[in-house]
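turn this into a structure:
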Amino acid sequence: MFKKYTLKNGLRVIVAPMHETKAMTALVLVKVGSRYEKRKINGVSHFVEHLLFKGTKKRPTSLDISKELDGIGAEYNAFTSKDHTGYYIKANYEKAELALEMLSDMLFNSLFEAKEIERERGVIVEEINMYEDNPLMFAEDLFEQTMYGDHPLGWHIAGPKEVIKSVTREDIMKYHHYYYQPKNMLVAVAGRQDAKLLNLIKKYFGQAKNKQTIKKFPSIVIKQKAPQLSLKFKDTEQVQLCLGFPSYDYFDKRLYALYLLGVILGGSKSSRLFTSIREKKGLCYFVLAQVNVYQDTGNLMIQAGLDKSRLKEAIVEILKELKKIKRGDVTTSELRKAKDFLKGKLILDLETSDHVASWFSKQELLTDKMLTPAKQLELLEKVKLAEIKKVANELVVTKKINLSLIGPFKKKNELHGLLNL
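Here you go, the predicted structure:
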């Protein structure tokens, strides 16, 4: 399903042909995100992402970039996470050369003009305001801040507004120069392709040079010994709750059992939490469980939008469902359905070129290896009921609870007594 190459300058390339479509996605991942930052420049990874759309030597303005891509009906965007940054263009495969040349131009030839930086400060500040004003969007940020504390994994990707308003052009350009090197990047192209594709990638990405050795990000070791609770007061009718536990990194073999545990707990509209918290008790509109994974840690997180007057009841019910799984109260049928659910989701995701490009490139960038969909499904299929129970008992313990709430509450004491497994 894919081929992997490494260019002479160290840039990794993944090519994944899909003959049943006429679309292609060119995706460039850079191995840098907010966890690589220091406090005084927290948010600069995301700032750089914005600025790469603001003009290059060949295309001096953002309008020059957007008009050219809009002219071929392309979909294009970028994203910043805690451990990687991505830029993609999805278009008719006949426009592959334009997509690759455009991405190369943005990544290596952006102008970083002072006036654009000043203008973009306001844009990013408003983006931060949007997230902070929307409890549903901000809840996960607060949860990871609670869990990871004053470690870069606990900081906000967009950074604090004070930093965005003050970080210098010199600091931004220095950061870009340091991390945006071929050996720290990966190009993935998925979809319909022709024979000249690899030569095009070499043409537009093979000439870039490396500048210096990149240091590893600061790793984290979690030594949590008691439940942690954080409140963000907001005068709302609904409470946004996130409750969860530190878990496994990308390289841990127990991760597949944890994925299945997450599905059983809150991965679908027939999951345990959805059935008990919403359907039976009517305590929320939505509730879900998800697994977040990094290179040196991870977390299992439950999120819900709850009736503020019945918060305590909801917490008790969530903990009750967790206790059941710890006791081994998971049936063979439930495990079978969870496996089929993940298999079905994977098959649907891999129907499109953008998902295929992301699937392979993230694995290669963050774990230095790639498992095919068939291999990952094989590993999921091997998980036994006993492994689900074992993982639950390893992770779901009182001293490792992290609870964050956004809503009309100011006192923590009355909630601490509930956090007991």
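
tell me if I am right that Trp359 is in a strand.
No. Using DSSP: H, G, I helix; E, B strand; the rest coil, the assignment for Trp359 is helix, not a strand.

hang on, it packs against Ser353?
No. Trp359 is beyond contact range of Ser353, at 10.5 Å (criterion: C-beta atoms under 8 Å). Glycine gets a C-beta too; all of them are placed from N, C-alpha and C.

how about the contacts made by the closest residue to Leu421 other than its chain neighbours?
Once flanking residues are discounted, Leu421 sits nearest to Thr398: 4.7 Å by C-beta to C-beta, 6 or more residues apart in numbering. By C-beta atoms under 8 Å, 6 or more residues apart in numbering, the residues touching Thr398 are 227, 419-421.

which residue is nearest the middle of the protein?
Residue closest to the average C-alpha location in the chain (C-alpha atoms, centre = their mean): Ser81, at 5.4 Å.

what about the residue nearest to that residue when sequence neighbours are not counted, how many neighbours?
The spatial neighbour of Ser81 that comes closest, neighbours along the chain excluded (C-beta to C-beta, 6+ apart), is Gly33 at 4.9 Å. For Gly33, the neighbour count with other C-beta atoms under 10 Å is 24.

contacts only, for Gly33.
Gly33 is in contact with 45, 80-85, 157, counting by C-beta under 8 Å, 6+ apart.

now these in JSON lines, with secondary structure, distance to Glu101 and pLDDT?
JSON lines is the format used below for the contacts of Gly33 (DSSP: H, G, I helix; E, B strand; the rest coil; distance: C-beta to C-beta, whole Å; pLDDT from 0 to 100):
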{"residue": "Ser45", "secondary structure": "helix", "distance to Glu101": "24", "pLDDT": "98"}
{"residue": "Thr80", "secondary structure": "strand", "distance to Glu101": "23", "pLDDT": "98"}
{"residue": "Ser81", "secondary structure": "coil", "distance to Glu101": "26", "pLDDT": "98"}
{"residue": "Lys82", "secondary structure": "coil", "distance to Glu101": "30", "pLDDT": "97"}
{"residue": "Asp83", "secondary structure": "coil", "distance to Glu101": "27", "pLDDT": "97"}
{"residue": "His84", "secondary structure": "coil", "distance to Glu101": "23", "pLDDT": "98"}
{"residue": "Thr85", "secondary structure": "strand", "distance to Glu101": "20", "pLDDT": "98"}
{"residue": "Ile157", "secondary structure": "coil", "distance to Glu101": "29", "pLDDT": "98"}
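
and stretch 279-288, how far apart are its ends?
13 Å (C-alpha to C-alpha, to the nearest Å).

list the buried ones in that stretch?
By 16 or more other C-beta atoms under 10 Å, the buried positions in stretch 279-288 come out as 283-284, 287-288.

reformat the residues you listed as TSV; add pLDDT and distance to Asn92.
What follows is those, written out as TSV (pLDDT from 0 to 100; distance: C-beta to C-beta, whole Å):
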residue	pLDDT	distance to Asn92
Leu283	93	48
Cys284	93	43
Val287	96	41
Leu288	97	36
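
among the residues you listed, which are in helices?
Applying DSSP state H to the buried residues of stretch 279-288, no entry is found in helices.

among those, which lie within strands?
Counting by DSSP state E, the members of those that fall within strands are 284, 287-288.

now render those as JSON lines, adding distance to Ala23.
Below are those laid out as JSON lines (distance: C-beta to C-beta, whole Å):
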{"residue": "Cys284", "distance to Ala23": "38"}
{"residue": "Val287", "distance to Ala23": "35"}
{"residue": "Leu288", "distance to Ala23": "30"}
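
hey, C-alpha coordinates of the lengthiest helix in the chain in PDB?
Secondary structure of the chain per DSSP H: the longest helix is helix 114-133. The C-alpha atoms that make up helix 114-133 are tabulated as PDB, following Å, rounded to 0.1, in the frame of the first residue of the first chain:
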ATOM      1  CA  ALA A 114       7.300  42.400  10.000                       C
ATOM      2  CA  LYS A 115       3.900  44.000   9.000                       C
ATOM      3  CA  GLU A 116       2.400  40.500   8.500                       C
ATOM      4  CA  ILE A 117       3.700  39.300  11.900                       C
ATOM      5  CA  GLU A 118       2.100  42.400  13.600                       C
ATOM      6  CA  ARG A 119      -1.200  41.800  11.800                       C
ATOM      7  CA  GLU A 120      -1.200  38.100  12.700                       C
ATOM      8  CA  ARG A 121      -0.700  38.700  16.400                       C
ATOM      9  CA  GLY A 122      -4.300  40.000  16.500                       C
ATOM     10  CA  VAL A 123      -5.600  37.100  14.500                       C
ATOM     11  CA  ILE A 124      -4.000  34.500  16.900                       C
ATOM     12  CA  VAL A 125      -5.100  36.400  20.000                       C
ATOM     13  CA  GLU A 126      -8.700  36.200  18.700                       C
ATOM     14  CA  GLU A 127      -8.200  32.500  18.000                       C
ATOM     15  CA  ILE A 128      -7.100  32.100  21.700                       C
ATOM     16  CA  ASN A 129     -10.200  34.100  22.800                       C
ATOM     17  CA  MET A 130     -12.400  31.800  20.700                       C
ATOM     18  CA  TYR A 131     -11.100  28.700  22.400                       C
ATOM     19  CA  GLU A 132     -11.200  30.100  25.900                       C
ATOM     20  CA  ASP A 133     -14.700  31.400  25.400                       C
END
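
show me what it packs onto, helices and strands only.
Packing partners of helix 114-133 (3 or more C-beta pairs under 8 Å, 6 or more residues apart in numbering; DSSP states H and E): helix 44-51, helix 135-148, helix 161-166, helix 169-179.

which parts of the third one are buried?
Read it as helix 161-166. Neighbour-count burial for helix 161-166, counted by 16+ other C-beta under 10 Å, picks out 161, 163-164.

what's the pLDDT at the residue nearest to Ser81?
Gly33 carries a pLDDT score of 98 in this model.

all further residue positions should be reported with the first residue as 332.
Yep, numbering from 332; the last one is Gly364 now.

looking at the helices and strands packed on helix 445-464, which is buried most?
For the helices and strands packed on helix 445-464, the largest average neighbour count (mean count of other C-beta atoms under 10 Å) is found in helix 375-382, namely a mean of 23.
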